[in-house]
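A.B. asks: Generate coordinates for the sequence data below:
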Amino acid sequence: MLYVYLVLVALLIVNIVWNMLREKDVFVQVDAALVLVPLILRLLLIK
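C.D. replies: Model (predicted):
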């Protein structure tokens, strides 16, 4: 079950990074970067 969770988090991170790189507005990119921080910590199993 842990691996399923990690795969879902990884897919979500990839999706957010993809959308962040496509976005032109800097504020939306910063907002996406702030969302990425807890997700990356979850992926590394740091709580």
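A.B. asks: For the chain, which segments are assigned as helices?
C.D. replies: Using DSSP state H, the helices of the chain run over 2-22, 26-43.
A.B. asks: Would you reformat the ones you listed as a markdown table and include mean neighbour count?
C.D. replies: To be clear about C-beta, it is placed using only N, CA and C from the backbone, and glycine gets the same treatment. A markdown table is the format used below for those (neighbours: other C-beta atoms under 10 Å):
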| stretch | mean neighbour count |
| --- | --- |
| helix 2-22 | 12 |
| helix 26-43 | 13 |
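A.B. asks: I'd like those helices as CSV, with mean pLDDT appended.
C.D. replies: As requested, the helices of the chain are arranged in CSV below (pLDDT from 0 to 100):
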stretch, mean pLDDT
helix 2-22, 96
helix 26-43, 96
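A.B. asks: which ones are touching the residue nearest the centre of the chain?
C.D. replies: The chain has residue 13 as the residue nearest its centroid, 2.9 Å off, counting by C-alpha atoms, centre = their mean. Applying C-beta atoms under 8 Å, 6 or more residues apart in numbering, we find residue 13 in contact with 36, 39, 40, 43.
A.B. asks: I'd guessed residue 29 sits against residue 20; true?
C.D. replies: Yes - taking C-beta atoms under 8 Å as the contact criterion, residue 29 and residue 20 are neighbours in contact, 5.2 Å apart.
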